[in-house]
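Student: Following is a predicted model, sequence given first.
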Amino acid sequence: MKFSDFFSHVKTMDANKAREWLEEKPPGTYTLLDVREPAEYEQGHIPGATLIPLSELPDRLSEIDSQKPVLAY
Amino acid sequence: MVSRSEPDQGIYLIEGDEPPEEVISLACGLEEGAFRFYRTLSSQSKDGEVESLFERLSQAEIQHKEKLWGKYKTLTGGRVTRKAFESDIKAKTMEGGKTADQVLGEYPDWIQDPREALQLAMSLETDALDLYLRMAVKSRKEETKAVFYTLANDEKTHLRSLGNLMRAKLVAGR
């Protein structure tokens, strides 16, 4: 965890923690968000990830279910 | 395991407002496509282990289809006969959203090594998991979403058992 994380309401986790988190949660109870570029997504992404590149995120926020936790990478 | 599908791969197969029974019929087509694909690979294989692996995978797709038929019967209150249901299935695309020809084109040499065969199967199952989850997100009906999430869970279980098999192979190969 970085020092700046103490001042943010956004939690960060490493790859192993994220894997455990995804294993525990039934599909449909969270949003998995891939904010990389389409070419990076096509090279490999976590199954079920929704692609919204960071550059488009401000305009596409309505596509994300605000009632569910979001895991972004 | 990661999916290498394109953002819209296979997603064109649904509009998002389909009732659950319609997506079950679609999923059965995808299972049927995967069954035929694994069957082809099994029949073309020169390695006994690879042949039996693909045969087992093809049988798993049949079981999956049976389960879907059971769900379909419940949803339609038994009004549709098995024959009518089967005739509605279109098996042009496989579970991952690609056609069998597309995948075979990417693997021009028949897979003969058990580990490579497992890798191919795992990547196809990962694409299937990815597609069902993306279809769930696109679906606007809660009941339809639930069908996709059940299918995704089944693929997850399938993938886990393939992963265990791969680990056993890697240990045995040391």
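Tutor: Perfect, thanks for sending it.

Student: longest single helix anywhere in the chain?
Tutor: Just going to use chain A. Criterion DSSP state H: the longest helix present in chain A is helix A:15-24.

Student: try chain B instead
Tutor: Chain B, longest helix under DSSP H: helix B:142-172.

Student: Between helix B:142-172 and the longest helix of chain A, find me the angle.
Tutor: 130 degrees (axes from the mean of the first three to the mean of the last three CA atoms, to 10 degrees).

Student: what is the mean pLDDT for helix A:15-24?
Tutor: For helix A:15-24, the mean per-residue pLDDT is 92.

Student: Show me what that helix is in contact with.
Tutor: Contact partners of helix A:15-24, identified using CB atoms under 8 Å, 6 or more residues apart in numbering or on different chains, comprise A:Met13, A:Tyr30, A:Leu32, A:Ile46, A:Leu71, A:Tyr73. C-betas here are computed from N, CA, C, even on glycine.

Student: and B:Ser42, how many residues sit next to it?
Tutor: B:Ser42 is flanked by 19 other residues according to other CB atoms under 10 Å in any protein chain shown.

Student: For it, which residues are in contact?
Tutor: So B:Ser42 contacts B:Val50, B:Glu51, B:Ser52, B:Leu53, B:Phe54, B:Glu55, B:Ser58 (CB under 8 Å, 6+ apart).

Student: for B:Arg39, same thing?
Tutor: B:Phe54, B:Glu55, B:Ser58.

Student: Please produce a markdown table containing the residues you listed, extended by secondary structure, distance to chain A and neighbour count.
Tutor: Shown next, in a markdown table, are these (DSSP: H, G, I helix; E, B strand; the rest coil; distance: CB to the nearest CB, whole Å; neighbours: other CB atoms under 10 Å in any protein chain shown):
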| residue | secondary structure | distance to chain A | neighbour count |
| --- | --- | --- | --- |
| B:Phe54 | helix | 22 | 23 |
| B:Glu55 | helix | 25 | 16 |
| B:Ser58 | helix | 22 | 19 |
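
Student: Nearest to B:Gln112 among those?
Tutor: B:Phe54 (11.1 Å; CB to CB).

Student: any idea how far the spatially closest residue to that closest one that is not a sequence neighbour is from B:Ala136?
Tutor: In space, and not counting its chain neighbours, B:Phe54 is closest to B:Ser42: 3.6 Å by CB to CB, 6 or more residues apart in numbering or on different chains. Distance of B:Ser42 to B:Ala136, computed by CB to CB, to the nearest Å: 30 Å.

Student: how about the residues of chain A that lie near chain B?
Tutor: A:26-28, A:32, A:38, A:41-51 (CB under 8 Å from any CB of the partner chain).

Student: Just the closest of the residues you listed to B:Gly173, please.
Tutor: For these, the nearest to B:Gly173 is A:Gly44 (24.4 Å; CB to CB).

Student: okay, that closest one: pLDDT?
Tutor: For A:Gly44, the predicted pLDDT is 93.

Student: what's the burial count for it?
Tutor: A:Gly44 has 12 neighbours, counted by other CB under 10 Å.

Student: before we move on, what about the one 3 residues further on?
Tutor: Residue neighbour count, defined by other CB under 10 Å, stands at 25 for A:Pro47.

Student: cool, and B:Leu57?
Tutor: 23.

Student: next one: B:Gly105
Tutor: 10.

Student: Tell me if it really is in a helix.
Tutor: Yes: per DSSP: H, G, I helix; E, B strand; the rest coil, B:Gly105 lies within a helix segment.

Student: For chain A, give me its nearest residue in chain B.
Tutor: Chain A sits closest to B:Leu133 of chain B, with a gap of 2.9 Å, by CB to the nearest CB.

Student: how about that residue, what does it touch?
Tutor: Taking CB under 8 Å, 6+ apart, one finds A:Pro27, A:Leu32, A:Pro47, A:Gly48, B:Phe148, B:Tyr149, B:Ala152 in contact with B:Leu133.
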